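Asker: Pasted the sequence and its predicted model underneath.
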Amino acid sequence: MIVMSRPSRHLQATAVGIATAGALSVLAIANPERGGFPRCPFVALTGLSCPGCGTLRALHALTHLDIARAFSYNALAMLALPVLAITFVRWAAGSNLLVRPWMPRALFVVVVGFTIVRNLPFGHALAP
């Protein structure tokens, strides 16, 4: 296991924060519904929505504080944002991240389940 010194972690956290702010600034200005972003390769190959489909549009809506619309594009991504934010803050602060052995498997099941349901006729509300 690699242990980073505090200055290194703070530098990395700052870089990640700046990159995230930059990406969100681009999404606040550029509307993914109008094009200019690459098409999802999973959709191009299968015609089905992947678990990430709609995330750019959801983040664009979120930057304009349209939370309902953001959830309509990708509910799973919107539910994941608080978890990602808390994880980032804990990592940046140097806290240990509590990852239990069952967590990656549970995440896999949730993501696969979400993908299957959003592509079924009764799951149309989860489709982007």
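Answerer: In hand now; what should we look at? Everything quoted here is computed from the prediction, not taken from an experiment.
Asker: From the rest of the structure, what touches the strand or helix carrying R69?
Answerer: Using DSSP states H and E, R69 falls within helix 67-73. Here helix 67-73 makes contact (C-beta atoms under 8 Å, 6 or more residues apart in numbering) with 54-55, 57-59, 61-62, 78, 128. Every C-beta, even on glycine, is put in place using the N, C-alpha and C of the backbone.
Asker: Can you lay out those as a markdown table showing pLDDT?
Answerer: As requested, the contacts of helix 67-73 are exported to a markdown table (pLDDT from 0 to 100):
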| residue | pLDDT |
| --- | --- |
| G54 | 92 |
| T55 | 93 |
| R57 | 93 |
| A58 | 94 |
| L59 | 95 |
| A61 | 95 |
| L62 | 95 |
| M78 | 96 |
| P128 | 84 |
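Asker: And W91, what's its pLDDT?
Answerer: Looking at W91, its pLDDT stands at 86.
Asker: if we can go back for a sec, got TSV for the contacts of helix 67-73, with secondary structure and neighbour count too?
Answerer: What follows is the contacts of helix 67-73, written out as TSV (DSSP: H, G, I helix; E, B strand; the rest coil; neighbours: other C-beta atoms under 10 Å):
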residue	secondary structure	neighbour count
G54	coil	26
T55	helix	21
R57	helix	20
A58	helix	27
L59	helix	21
A61	helix	24
L62	helix	20
M78	helix	19
P128	coil	19
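Asker: which two in those residues are spaced the farthest apart?
Answerer: L62 and P128 (14.0 Å; C-beta to C-beta).
Asker: Output stretch 24-33 as CSV, nothing but the C-alphas.
Answerer: Taking Å, rounded to 0.1, in the frame of the first residue of the first chain, the C-alpha atoms of stretch 24-33 are listed here in CSV:
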residue,chain,number,x,y,z
LEU,A,24,-18.7,21.5,-14.6
SER,A,25,-18.1,25.0,-16.0
VAL,A,26,-18.0,23.6,-19.5
LEU,A,27,-21.2,21.7,-18.9
ALA,A,28,-22.9,24.8,-17.5
ILE,A,29,-22.2,26.6,-20.7
ALA,A,30,-22.3,23.8,-23.3
ASN,A,31,-25.6,22.0,-23.5
PRO,A,32,-25.0,18.3,-24.3
GLU,A,33,-28.5,18.1,-25.9
